[in-house]
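Engineer: Sequence isn't available, so here's the structure alone:
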């Protein structure tokens, strides 16, 4: 979710009922050295509880990064041992750490020792099908002081191919007494119910399923347990939220950078509208071309307003 769960995304998810939101993955060494692009990822504003996710491969920098994260007011620190991206694993961080559990645990111990806030851990099932070691890593991490484990139901070598193996996550639950969160391919209430049954997990993390709809987590929470999230958004509410999200990205990132950051979100928005049959493929293609090519935030805002009128008028005509 790096490059996606920035402050505007997290704020919208939080405000619409997500139980917990986590920062983008932040390199511990660069955070400790106050590199600007890492520091900006730690802004919390009105989000509480506030969780900062750290990555790294050296005990010293994980320790120093944890201290800085704490000073920035985080309520918990999440260690990333799940990211499969080549630029991350190539530097022996993320899920590459699952290839050497002794080293992985040394990083956990350094982080826990440096932090007075809870430390959690995100991982995959293992590096590949021959090294499914999430249960062992989870057990050792609990012994080292980790207070919550999240497991994505794929190996690193699977990246995001195939289907997440929710049943395989259950082996982790059998090894730990701390809460377990299951992750991977949760997009609807039926997914979540089945994931929790098969994994035995205490909760579910939604990642890619929230692309183009940061409010989804709150909707799912409400469907799962009344009073814990928010009601399902109408099409009109969705269109208002798309515009709100775009404006908040411009405010946070600045127009020059923000218009580029926002394009992937706008692309997901168009995909969600197509899924709901709120717009024709031909019209969606025309509008998406306008949105992707423009560097003028005011033009994009005007297109979004026109798009809202178009889809709502179309819905009204269909209803009539």
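Structural biologist: Received, thanks. Keep in mind the model is a prediction, meaning the values are calculated, not measured.

Engineer: show me where this protein has strands.
Structural biologist: Secondary structure of the chain (DSSP state E): strands located at 22-27, 51-55, 76-81, 119-124, 148-152, 180-183, 203-205.

Engineer: for this structure, which helix is longest?
Structural biologist: If you go by DSSP state H, the chain has its longest helix at helix 297-319.

Engineer: With mean neighbour count and mean pLDDT added, can I get the strands of the chain in a markdown table?
Structural biologist: C-beta coordinates here come from the backbone N, C-alpha and C atoms, glycine included. Shown next, in a markdown table, are the strands of the chain (neighbours: other Cβ atoms under 10 Å; pLDDT from 0 to 100):
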| stretch | mean neighbour count | mean pLDDT |
| --- | --- | --- |
| strand 22-27 | 24 | 96 |
| strand 51-55 | 26 | 97 |
| strand 76-81 | 25 | 98 |
| strand 119-124 | 25 | 98 |
| strand 148-152 | 26 | 98 |
| strand 180-183 | 24 | 98 |
| strand 203-205 | 21 | 96 |
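
Engineer: Let's have the ones you listed in CSV, adding distance to residue 217.
Structural biologist: Formatted as CSV, these follow (distance: least, Cβ to Cβ, whole Å):
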stretch, distance to residue 217
strand 22-27, 11
strand 51-55, 14
strand 76-81, 16
strand 119-124, 16
strand 148-152, 14
strand 180-183, 12
strand 203-205, 9
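
Engineer: Nearest to residue 305, out of those strands?
Structural biologist: Closest approach to residue 305 among the strands of the chain (Cβ to Cβ): strand 22-27, 29.2 Å.

Engineer: Over to stretch 71-80 now: how far is its first residue from its last?
Structural biologist: Separation of the first and last residues of stretch 71-80 by Cα to Cα, to the nearest Å is 20 Å.

Engineer: repeat for stretch 66-75
Structural biologist: Stretch 66-75: ends 11 Å apart by Cα to Cα.

Engineer: ok, now stretch 13-32?
Structural biologist: For stretch 13-32, the first-to-last residue distance is 27 Å (Cα to Cα).

Engineer: Quick check: buried residues in it?
Structural biologist: 13-18, 20-32 (16 or more other Cβ atoms under 10 Å).

Engineer: What of stretch 84-92?
Structural biologist: Applying a neighbour-count criterion of 16+ other Cβ under 10 Å, one finds 84, 88-89 buried in stretch 84-92.

Engineer: Stretch 153-170 now?
Structural biologist: 153-158, 164-166, 168-170.

Engineer: taking those one by one, which sit in helices?
Structural biologist: Members of the buried residues of stretch 153-170 lying in helices (criterion: DSSP H): 166, 168-170.

Engineer: ok, which stretches of the stretch 151-300 of the chain are helices?
Structural biologist: Listed in chain order, the helices of the stretch 151-300 of the chain (DSSP state H, counting those that start in this stretch) span 166-173, 189-199, 216-224, 235-253, 255-275, 281-293, 297-319.

Engineer: Identify whichever of those lies nearest to residue 44.
Structural biologist: Of all the helices of the stretch 151-300 of the chain, it is helix 235-253 that lies closest to residue 44, at 12.8 Å by Cβ to Cβ.

Engineer: got the angle for the closest one vs helix 297-319?
Structural biologist: 170 degrees (axes from the mean of the first three to the mean of the last three Cα atoms, to 10 degrees).

Engineer: Report the angle between helix 235-253 and helix 281-293.
Structural biologist: Computed by the same axes, to 10 degrees, the angle separating helix 235-253 from helix 281-293 equals 20 degrees.

Engineer: Pop the domain breakdown of the protein in here.
Structural biologist: The chain is divided into the following domains under automatic domain parsing: 7-224, 235-312.

Engineer: circling back to that earlier point, want to throw the helices of the stretch 151-300 of the chain into JSON lines with mean pLDDT and distance to residue 52?
Structural biologist: Converted to JSON lines, the helices of the stretch 151-300 of the chain look like this (pLDDT from 0 to 100; distance: least, Cβ to Cβ, whole Å):
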{"stretch": "helix 166-173", "mean pLDDT": "98", "distance to residue 52": "23"}
{"stretch": "helix 189-199", "mean pLDDT": "96", "distance to residue 52": "26"}
{"stretch": "helix 216-224", "mean pLDDT": "95", "distance to residue 52": "19"}
{"stretch": "helix 235-253", "mean pLDDT": "97", "distance to residue 52": "17"}
{"stretch": "helix 255-275", "mean pLDDT": "96", "distance to residue 52": "20"}
{"stretch": "helix 281-293", "mean pLDDT": "95", "distance to residue 52": "32"}
{"stretch": "helix 297-319", "mean pLDDT": "87", "distance to residue 52": "29"}
